[in-house]
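**Q** Got a sequence here, can you build the structure:
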Amino acid sequence: MKQRHTVPGKAQSSRHKKAFSTAARQDAAKPSAKAANPHAVQSFEPDPAAVYSIEMAAQLAGVPRRTVLIYCKHGLLSPIADPMLWGYWFTADAIRTLRRIESLRLACGDDFSGIAMILDLLNEVQTLRAQLRAAAG
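**A** The predicted model follows:
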């Protein structure tokens with residue numbers, strides 16, 4: 001009967017060696033897009049016109065649904081509709097804010113008042129930069 005797996009210590013057949021070495025040479029010859037930054041990860045950019053449920057917003061930001069509710073409770077994030085009537089729905093900007101809150105929380109801890117101040121300052125800097133670009137060009 002033919003063996004399916006290679007036993008340690010036994011040599012592979014020449015057919016396997018040839019196929020492996022050919023594949024390795026072909027992979028080495030291909031230019032790789034990952035060569036510039038092998039650790040780069042592209043995050044999903046939400047559609048600016050779309051509205052997302054709390055479950056989808058949590059999934060896109062990579063946080064649990066409960067965390068989104070805690071951020072809303074502390075005033076760090078606001079849904080676009082009244083949650084008591086329509087539930088929690090978020091825009092693309094809210095998802096970006098959710099991602100920013102999560103990264104700040106990982107850096108600063110659970111100081112929600114400090115995170116709120118940092119978010120306000122970041123929004124002010126963004127507004128000032130937009131005003132400078134408009135005045136310059």
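**Q** can you pull out the strands in this protein?
**A** Here the chain has its strands, by DSSP state E, at 52-53, 89-90.
**Q** could I get these as TSV with distance to residue 115, mean pLDDT and mean neighbour count?
**A** Yep, even glycine has a C-beta here, placed from its N, CA and C like the rest. Below are the strands of the chain laid out as TSV (distance: least, CB to CB, whole Å; pLDDT from 0 to 100; neighbours: other CB atoms under 10 Å):
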stretch	distance to residue 115	mean pLDDT	mean neighbour count
strand 52-53	21	92	18
strand 89-90	18	94	22
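**Q** Residue 114 is nearest to which of these?
**A** Relative to residue 114, the nearest member of the strands of the chain by CB to CB is strand 89-90, separated by 22.8 Å.
**Q** What is the closest one packed up against?
**A** Under the contact criterion of 3 or more CB pairs under 8 Å, 6 or more residues apart in numbering; DSSP states H and E, strand 89-90 touches strand 52-53, helix 54-61.
**Q** For residue 77, which of these is the nearest?
**A** Nearest of those to residue 77, taken as CB to CB: helix 54-61 at 8.9 Å.
**Q** what is the rounded mean pLDDT of that closest one?
**A** For helix 54-61, mean pLDDT is 93.
**Q** Could you do stretch 121-137 as well?
**A** Mean predicted lDDT for stretch 121-137 stands at 94.
**Q** what sits up against stretch 69-83?
**A** For stretch 69-83, contacts defined as CB atoms under 8 Å, 6 or more residues apart in numbering pick out 51, 54, 68, 87-91, 94, 97-98, 101, 112, 115-116, 119.
**Q** cutoff 7 Å now
**A** Stretch 69-83 has contacts (CB atoms under 7 Å, 6 or more residues apart in numbering) with 51, 68, 88-91, 94, 97-98, 101, 112, 115-116, 119.
**Q** Give the buried residues for it.
**A** Within stretch 69-83, the residues that count as buried by 16 or more other CB atoms under 10 Å are 71-72, 76-77, 79.
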